[in-house]
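J.: with the input below, show me the fold.
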Amino acid sequence: MSGGVDPTGKVRLFDFADAISEIKSTTDLVINAHIGLTPKAEIDALVRCGVDAFSVDVYGDDATIREVMGLRAGAEDYLRVCEDLIGSGAPIVAPHLCIGIRGGKLAGEGKAIERLRRLEPRSLVLISLMPTKGTQYERVLPPSGPDIVGVISKAREELTDTKILLGCMRSKRDRSWEFEAVQAGLDGIVMPSERTVERLKRSGGIVRKRSVCCALI
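T.: So this is what the prediction gives:
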């Protein structure tokens, strides 16, 4: 479950808490919710209504949030959401870090990873900027393979017990670096190229396929 944020940076899923409770009580659907800057009281309600996993974007610096999101929020505000979810007993909290989100260039990704150490997250989902038509970033280049691999290496170094996953929301223009990304410390990669899979098999790697959102792995 996801959607656009309101002027405060919140995805207004709390408005549908009763519907979520009904879905969880009458079906076997698994719900992963992106909630943005949701306040603590609403987080408590969303956890109580049975959401299985929560995905929360994290950022390296306040300037990136102002430029990209247009919000007067700070990096610590997003970490606070993660902390509130953990404190509320959320089953799964999966921080998401978008590499190159500030115009395709690195802008504090390492700092975001360092801040996550205090949370000891179960998993970290890494994605990357996808230049999108109609946005201010439509003509920028996505982050380079070496930049992405470098962030993965940093995450593996800092978060030794965390599953490091490369999510589906990333540019597919260049896939040549995926094998090196796995070697740098990934525990999983969504929709790898066929060439990456073959290289992993040839190198003796064990490839296991799972049909599930990476936040739930």
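
J.: would you map the strands across this protein?
T.: 32-34, 53-58, 93-99, 123-128, 163-166, 188-189 (DSSP state E).

J.: the first one pairs with which strands, parallel or anti?
T.: Spelled out, that is strand 32-34. strand 53-58 (parallel) (DSSP bridges).

J.: send the alpha carbons of the partner strand over as CSV?
T.: The C-alpha coordinates for strand 53-58 follow below in CSV (Å, rounded to 0.1, in the frame of the first residue of the first chain):
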residue,chain,number,x,y,z
ALA,A,53,5.4,-4.7,7.2
PHE,A,54,6.2,-1.0,7.0
SER,A,55,8.6,0.6,4.5
VAL,A,56,10.0,4.0,5.5
ASP,A,57,12.3,6.2,3.3
VAL,A,58,15.4,7.4,5.0
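
J.: so for residue 64, which of the strands of the chain sits nearest?
T.: strand 93-99 (9.5 Å; C-beta to C-beta). The C-beta positions use only the backbone N, C-alpha and C, and glycine is treated the same way.

J.: helices and strands around the closest one, which ones?
T.: Strand 93-99 sits against strand 53-58, helix 75-87, helix 109-116, strand 123-128, helix 145-158, with contacts defined as 3 or more C-beta pairs under 8 Å, 6 or more residues apart in numbering; DSSP states H and E.

J.: adding distance to residue 16 and mean neighbour count, write those out as a markdown table.
T.: Below are those laid out as a markdown table (distance: least, C-beta to C-beta, whole Å; neighbours: other C-beta atoms under 10 Å):
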| stretch | distance to residue 16 | mean neighbour count |
| --- | --- | --- |
| strand 53-58 | 15 | 24 |
| helix 75-87 | 18 | 18 |
| helix 109-116 | 29 | 20 |
| strand 123-128 | 23 | 24 |
| helix 145-158 | 33 | 18 |
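
J.: so where's the chain shaky on pLDDT?
T.: 1-3 (pLDDT under 70).

J.: for the residue nearest the centre of it, which non-adjacent residue is closest in space?
T.: The chain has residue 96 as the residue nearest its centroid, 1.8 Å off, counting by C-alpha atoms, centre = their mean. Using C-beta to C-beta, 6 or more residues apart in numbering and skipping residues adjacent in sequence, the residue nearest residue 96 is residue 125, 4.7 Å away.

J.: hey, what's the one you found bridged with?
T.: residue 96, residue 165.

J.: who are the contact partners of the residue nearest to the centre of the chain?
T.: 55-58, 124-127, 167, 215 (C-beta atoms under 8 Å, 6 or more residues apart in numbering).

J.: next: residue 129.
T.: Residue 129 neighbours (C-beta under 8 Å, 6+ apart): 98-101, 103-104, 137, 140, 142-143, 171.

J.: could you rerun that using 7 Å?
T.: Residue 129 makes contact with 98, 100-101, 104, 137, 142-143, according to C-beta atoms under 7 Å, 6 or more residues apart in numbering.

J.: now do it against residue 123, distance only.
T.: The gap separating residue 129 from residue 123 is 21 Å, by C-beta to C-beta, to the nearest Å.

J.: cool, residue 35 as well?
T.: Distance from residue 35 to residue 123, by C-beta to C-beta: 17 Å.
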